[in-house]
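Engineer: Any chance you could fold what I've pasted below:
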Amino acid sequence: MIKEHLREIYLLDKKEWMLMISYGKDSSFLATLVCEMLEDLPTHQRNKKVHFITSDTLAETPMMSDFVRRSNQSVNDYAMANKLPMVGHLVYPDVENDYFYQTLAKGNPTPVSNLGRWCTSRLKQKPTQQKIQEILSQLDRSVEMVELNGEVDEYDCYMLLGVREEESARRKSSIEKHQIDDSFSRHSDYPNQIRVYNPIRFVTSDELWFYLAERHIFPWGIEVQDMQIQYGENFLECGIQHSSQQESSCGSKNSRSGCWTCSMVKKDKMLYQLIDEGYSDMEYLLEWKETMMQLRNDIRYREPVKRNKVKQQQKRLNHQRDNQHMDLFSSVVDTNVSHYFENKKLREYDTYDRANDTEYEPGSLAIQGRKLMLQKLLYIQEVIGQTLIRDEVVHAIIETWQDEGYNLSLEDCPAQDFTYDGALVLEGDGSLNIRETTNPYPVFTLNRDFSQGRDELIEYLNDRKKKKNESIYYFLSNVDMGEKEQFAWNVGIFVICHRDIQTEEQANQYLDDWIYEPQVPNEPPMDWDAFAKRYYDAARELVKDPEYDIESLQKINQILVTLGYETVKPYRKDNDMDYCVDLLEII
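Structural biologist: Numbering: from 1, shown residues only. The predicted model follows:
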């Protein structure tokens, strides 16, 4: 019955088919029916292509990735040997959408809920969409339109999905949401180009298994038992659908498929089951994954400021500096220079950029965590003898770190294991989360005073982490002495916890080494008066010429203001030279 309907739709027109396949039971069952239907057709009626599209997220277990790749190659070999108009397409994320690039290069935390879940889109949907668009762009638009079920079929091609209502209520609801009739539905992303075809919508699990059990082997040469080994006895597959159905496509509590890096479940039953069955290499993958999930909540391995807020801060700072540059030039031509200095302190107090960032709002994964996890991944890859991360992704990670300003190279990241010592977890208000903190070492909270405004201070601390290749988590606050004193400053509150730091003295030394540049030994202190005198001397020489360049004098005054010295009054040509202040007496 299903094969007859497949044959009818196939011969109806010359529009190509896309069959979305994961090589799990449902999509493999559908693919088997399609292959059998094509085999039964005379050669001259096999007149349109069927594209088998499958995905490798590059975060599957090595065995699952190998199974999908073998299956895809087998489909192409089978199609060629039997002169069938079929082609298998294997899609996978490009470097910038790769899971390890996103987590280890960019520091994006692994998602733990649908809120902020970036992995499905980057690892599956984007590469699949790119392949779909590629196929659509190559279609023959001159294909004659036909009438189907009383409607003129204006679509460019058909997409076959191995979805069944019996799988879940959510899957049934998704099908009904876009359905046209019992067999066809609209594609949410390509409503005017693709008609979705659901041939096995009403097939039961018993019917499916009975059919596959009779075959023992799929038409393309892969044994049914091989599929069962990969997916497990009671498997549900992780298929490729359009985005409206994607949320339900990544396995279930009984699934043997899915990304081994997935952090959406607290306990990975897939990896534990594989370990119980004797796949001991999975213990290394499980350890890496669980460590990454713990680092996600560990304050020591998170940035203190979100990436988008750093960009906003830098934009404000650049704008502020541009305005200050203009103010300096305008101030030196102000005839009432003394009034400018009288109000300078008050203006600085009123406009001082006070920090008040005491809530726990962590940013991306800190560079030291990214580096450790890359080294651990490379170590595991060597131990198990399986490719877990592509070489081009490793190089892209290092290049991204360098672009961010870190002084790290591939030689600085050799394959190396490390033992995680437990998480240091905070509450939303910045206090210690005693229940979830498992780290046994002392925690020190140390304050440092800073004269810089908030944005300048964040910029300075960002520069320090790049020079040290290490981030220290901090909160920012301020101290305001009031309008009478007209004095305020910012305070950094730093959290130090390290296995090699046992005393507050050690913690203070560690923090100071991170914050401050080391003093150059035997360097004489800067003589600022002598430094300023050089500019006063230059101004004295400049104004000797009655036709001196006023812009040159303004530039000298800009430097003097920056240094905190009095400016030089402009020379008025209607007065004699005695009007100019005696520059040498100023200092």
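
Engineer: What are the buried residues along stretch 300-316?
Structural biologist: Within stretch 300-316, the residues that count as buried by 16 or more other C-beta atoms under 10 Å are 300, 301, 302, 303, 304, 305, 310, 313. Quick note: C-beta positions are derived from backbone N, CA and C, even for glycine.

Engineer: Between the two ends of that stretch, how far is it?
Structural biologist: Distance between the two ends of stretch 300-316: 28 Å, counting by C-alpha to C-alpha, to the nearest Å.

Engineer: Pull the residues that contact that stretch.
Structural biologist: Residues from elsewhere that reach stretch 300-316 (C-beta atoms under 8 Å, 6 or more residues apart in numbering): 107, 109, 295-296, 357, 361-366, 368-369, 424, 454-455, 458-459, 461-462, 471-475, 495, 497-498.

Engineer: Might you calculate how far the helix or strand in which residue 540 is found sits from the centre of the chain?
Structural biologist: Using DSSP states H and E, residue 540 maps to helix 528-542. Relative to its chain's centre, helix 528-542 lies at 52 Å (C-alpha atoms, centre = their mean, to the nearest Å).

Engineer: returning to that earlier point: show me the contacts of stretch 300-316 that map onto helices.
Structural biologist: 295, 296, 368, 369, 454, 455, 458, 459, 461, 462 (DSSP state H).

Engineer: Show the buried residues in the residues you listed.
Structural biologist: The buried subset of the ones in helices among the contacts of stretch 300-316 - by 16+ other C-beta under 10 Å - is 295, 296, 368, 369, 454, 455, 458, 459, 461, 462.

Engineer: about what we covered before: ok, the ones in helices among the contacts of stretch 300-316 vs residue 487, which is closest?
Structural biologist: residue 454 (16.3 Å; C-beta to C-beta).

Engineer: contacting residues around the residue nearest to the closest one when sequence neighbours are not counted?
Structural biologist: The spatially closest residue to residue 454, leaving aside those adjacent along the chain, is residue 355, at 3.9 Å (C-beta to C-beta, 6 or more residues apart in numbering). Contacts for residue 355 (C-beta under 8 Å, 6+ apart) come out as 453, 454, 457, 476, 477, 478, 490, 491.

Engineer: What helices and strands are in contact with the helix holding residue 540?
Structural biologist: If you count contacts as 3 or more C-beta pairs under 8 Å, 6 or more residues apart in numbering; DSSP states H and E, helix 528-542 packs onto helix 550-563, helix 583-586.

Engineer: And the helices in the stretch 151-300 of the chain, which stretches?
Structural biologist: 169-178, 205-215, 224-231, 269-276, 282-297 (DSSP state H, counting those that start in this stretch).

Engineer: Would you format these as JSON lines with distance to residue 412 and mean pLDDT included?
Structural biologist: JSON lines is the format used below for the helices of the stretch 151-300 of the chain (distance: least, C-beta to C-beta, whole Å; pLDDT from 0 to 100):
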{"stretch": "helix 169-178", "distance to residue 412": "47", "mean pLDDT": "58"}
{"stretch": "helix 205-215", "distance to residue 412": "51", "mean pLDDT": "89"}
{"stretch": "helix 224-231", "distance to residue 412": "38", "mean pLDDT": "86"}
{"stretch": "helix 269-276", "distance to residue 412": "30", "mean pLDDT": "89"}
{"stretch": "helix 282-297", "distance to residue 412": "19", "mean pLDDT": "94"}
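
Engineer: winner for burial among the ones you listed?
Structural biologist: Greatest average neighbour count among the helices of the stretch 151-300 of the chain goes to helix 282-297 (a mean of 19), per mean count of other C-beta atoms under 10 Å.

Engineer: Check the offset of it from the chain's centre.
Structural biologist: So, by C-alpha atoms, centre = their mean, the centroid of helix 282-297 is 18 Å from its chain's centroid.

Engineer: What helices and strands are in contact with that helix?
Structural biologist: Applying 3+ C-beta pairs under 8 Å, 6+ apart, one finds that helix 282-297 contacts helix 269-276, helix 367-384.

Engineer: so residue 474 touches residue 492, yeah?
Structural biologist: Yes - when contacts are counted by C-beta atoms under 8 Å, residue 474 is listed as touching residue 492 (5.0 Å).

Engineer: Now do the shared contacts for those two.
Structural biologist: The contact lists of residue 474 and residue 492 share residue 461, where a contact means C-beta under 8 Å, 6+ apart.

Engineer: Burial check on residue 425, number of neighbours?
Structural biologist: For residue 425, the neighbour count with other C-beta atoms under 10 Å is 18.

Engineer: how far away is it from residue 262?
Structural biologist: Noted for residue 425: a distance of 21 Å to residue 262, by C-beta to C-beta, to the nearest Å.

Engineer: quick one on the thing from earlier: pLDDT (mean, whole number) over the helix holding residue 540?
Structural biologist: For helix 528-542, mean pLDDT is 82.

Engineer: what angle do that helix and helix 550-563 make?
Structural biologist: Orientation of helix 528-542 against helix 550-563 (axes from the mean of the first three to the mean of the last three C-alpha atoms, to 10 degrees) gives an angle of 170 degrees.

Engineer: Now for the chain, the helix or strand with the poorest mean pLDDT.
Structural biologist: helix 583-586 (a mean of 43; mean pLDDT, DSSP states H and E).

Engineer: Let's have the helices of the stretch 151-300 of the chain in JSON lines, adding distance to residue 432.
Structural biologist: Listed next are the helices of the stretch 151-300 of the chain as JSON lines, based on distance: least, C-beta to C-beta, whole Å:
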{"stretch": "helix 169-178", "distance to residue 432": "40"}
{"stretch": "helix 205-215", "distance to residue 432": "50"}
{"stretch": "helix 224-231", "distance to residue 432": "43"}
{"stretch": "helix 269-276", "distance to residue 432": "31"}
{"stretch": "helix 282-297", "distance to residue 432": "13"}
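
Engineer: Ok, which of those helices comes nearest residue 126?
Structural biologist: Closest among those, using C-beta to C-beta: helix 169-178, at 20.2 Å.

Engineer: low pLDDT regions in the stretch 51-200 of the chain?
Structural biologist: 141-153, 167-182 (pLDDT under 70).

Engineer: can you map out the strands along it?
Structural biologist: 86-91, 146-148, 151-153, 157-161, 184-186, 194-197 (DSSP state E, counting those that start in this stretch).

Engineer: Which one of those strands lies nearest to residue 227?
Structural biologist: strand 86-91 (15.7 Å).

Engineer: Can you list the strands that the closest one pairs with?
Structural biologist: strand 50-55 (parallel) (DSSP bridges).

Engineer: what about dumping the CA coordinates of the partner strand to PDB?
Structural biologist: Extracted in PDB, the C-alpha atoms of strand 50-55 (Å, rounded to 0.1, in the frame of the first residue of the first chain):
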ATOM      1  CA  VAL A  50      16.200  11.100  -4.900                       C
ATOM      2  CA  HIS A  51      18.600  12.900  -2.500                       C
ATOM      3  CA  PHE A  52      19.300  11.000   0.800                       C
ATOM      4  CA  ILE A  53      20.400  13.700   3.200                       C
ATOM      5  CA  THR A  54      22.000  12.700   6.600                       C
ATOM      6  CA  SER A  55      23.800  14.600   9.200                       C
END
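
Engineer: Any idea how many residues pack against residue 78?
Structural biologist: Taking other C-beta under 10 Å as the criterion, the count of residues near residue 78 is 18.

Engineer: quick revisit: just say which of the helices and strands packed on helix 528-542 is most tucked in.
Structural biologist: helix 550-563 (a mean of 16).

Engineer: Can you give me the end-to-end span of stretch 296-315?
Structural biologist: First-to-last distance for stretch 296-315 - C-alpha to C-alpha - comes to 28 Å.

Engineer: sorry, that was for stretch 113-125
Structural biologist: First residue to last in stretch 113-125 (C-alpha to C-alpha) measures 18 Å.

Engineer: starting at the chain centroid, how far to it?
Structural biologist: 10 Å.

Engineer: buried sites along it?
Structural biologist: 119, 120, 122, 123, 124, 125.

Engineer: Mind checking which of those land in helices?
Structural biologist: Going by DSSP H, the helices hold 119, 120 from these.

Engineer: Need the buried residues of stretch 113-125 in TSV (columns: distance to residue 191).
Structural biologist: Formatted as TSV, the buried residues of stretch 113-125 follow (distance: C-beta to C-beta, whole Å):
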residue	distance to residue 191
119	26
120	21
122	24
123	25
124	21
125	17
